[in-house]
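J.: here is my input, please return the structure:
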Amino acid sequence: MEPGDDEEPPLAIAINDVNDLEIPPQRTIEPDASQPPCLPVAQPVGVTVITGYLGSGKSTLVNHILNTQHGKRIAVILNEFGEEIGVERAMINEGDEGALVEEWVELANGCICCNVKHSLVQALEQLVQRKERLDHILLETTGLANPAPLASVLWLDDQLESDVRLDSIITVVDAKNLGYQLKSHHESSSFPEAYHQIAFADVVILNKVDLVSDDDSGVILEDLEKDIHAINSLANIIRSVRCQVDLATILNCRAYDATHATHLEDLLRENRNLSTSDIHDSGVRTLCISELKTIDLEKVRMWIEEILWEKKYGMDVYRCKGILSVANSDQLYTLQAVREIYEIVPARKWKDDESRINKIVFIGRSLNEEILVNTMRDCTM
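T.: Residues are numbered from 1 along each chain as shown. Predicted coordinates for the structure are as follows:
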């Protein structure tokens, strides 16, 4: 293991005395007794899932966030998903008998840190019910190779209602060892978890770039970024040393927000080549297909369900994101899927200067472009 492979849980910091902080005077407005009180609608708290190989620097990133004076109130959940627990059980609310939050520790910068072993759902509910409003929640996974089940629960699970929302999945990778990890499946019967973690990522932090050989570090890092984008061309890659990254680039990404303008523009941009070829014979890649004719929304739903649920065409789709031009509608629809869970919703009206188009990006294994193009064409009007 290389120096700086800090994978110990974040250390708690002594709480500073906050009693002498000056609080600015607040203007008080007497409520109108004749009118019912108007309470502001609380927005769901964003949850960022942090995943990555042991030794990649996940805990270094968490420590960076916990120790930075960023002015935000952030909760960090260290979720120990061991093999004996299993991710399904880890998400079940086990009631009074289940192991819940072990300890909450308040840190000097206003962040909260806890350690959860079983009930993620109950831990999140406890967090959002705290009197002090949280700005964000980080969930660091340990012993969990595939973040998809977590993403499914946090994104559209009814048990969590609307108190929290999945913001993004961040994968931390070790620049010095990533090449070996991607090739490791040649010597193993199992599929390397590095592919899963990159395929599901919205942001990939290429960490420990300082440990790459100085002689050819530029070429090596560019090749690694090509490998990452070959698996997932939608991921934003950030180079770092000891995970020292600008928090604005990893928090509040709104990767699962159907109306987020940045994501729509990325998909609408014609000059970006999103499709990639297979990498290292793994069969994992990004594939982008498009169709100019308007589509029948119900046909598209059935088509997506055949691909995701029935595996009708033998493709293993990890993620899916797209924009749809629906017949007899002026609304731009967005499609997003994580494994078997998908959502199709209207995002906004098409602009007058936009070329109406259907464009869908698939990330997964054994993707067949010819089948996807032809079957999508069957959904047109």
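J.: give me the distance between Y256 and R319.
T.: Note on Y256: its distance to R319, by C-beta to C-beta, to the nearest Å, is 11 Å. To be clear about C-beta, it is placed using only N, CA and C from the backbone, and glycine gets the same treatment.
J.: then E354?
T.: As judged by C-beta to C-beta, E354 and R319 stand 24 Å apart.
J.: one more: T334?
T.: 13 Å.
J.: how about the secondary structure of the residue lying closest to P44 once chain neighbours are set aside?
T.: Leaving out its chain neighbours, the residue that sits closest to P44 by C-beta to C-beta, 6 or more residues apart in numbering is R165, at 4.1 Å. Secondary structure assignment for R165 (DSSP: H, G, I helix; E, B strand; the rest coil): strand.
J.: still on that earlier bit, neighbour count for E354 and R319, which is higher?
T.: Applying other C-beta atoms under 10 Å to E354 and R319 shows that R319 carries more neighbours, namely 22 against 13.
J.: shouldn't the more buried one be in contact with E340?
T.: No. Proximity of R319 to E340 does not meet the contact threshold set by C-beta atoms under 8 Å, at 11.6 Å.
J.: list the buried residues in the helix ranked longest in the chain.
T.: For the chain, the helix that runs over the most residues, judged by DSSP state H, is helix 217-231. Within helix 217-231, the residues that qualify as buried are 220-221, 224-225, 227-231, counting by 16 or more other C-beta atoms under 10 Å.
J.: and stretch 172-184, by the same measure?
T.: For stretch 172-184, the neighbour count (16+ other C-beta under 10 Å) marks 172-179, 181-184 as buried.
J.: go on, stretch 314-322?
T.: Buried, per 16+ other C-beta under 10 Å, within stretch 314-322: 315, 317-322.
J.: can you redo those as CSV with pLDDT?
T.: What follows is the buried residues of stretch 314-322, written out as CSV (pLDDT from 0 to 100):
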residue, pLDDT
M315, 93
V317, 94
Y318, 92
R319, 92
C320, 91
K321, 91
G322, 90
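J.: in strands, which of those residues fall?
T.: When DSSP state E defines the strands, the subset of those inside them is 317-322.
J.: ok so, going back, I'd like to know which elements the longest helix of the chain is packed against.
T.: Here helix 217-231 is seen to pack against helix 178-183, helix 193-199, strand 203-207, strand 236-239, strand 284-291 when contacts are counted using 3 or more C-beta pairs under 8 Å, 6 or more residues apart in numbering; DSSP states H and E.
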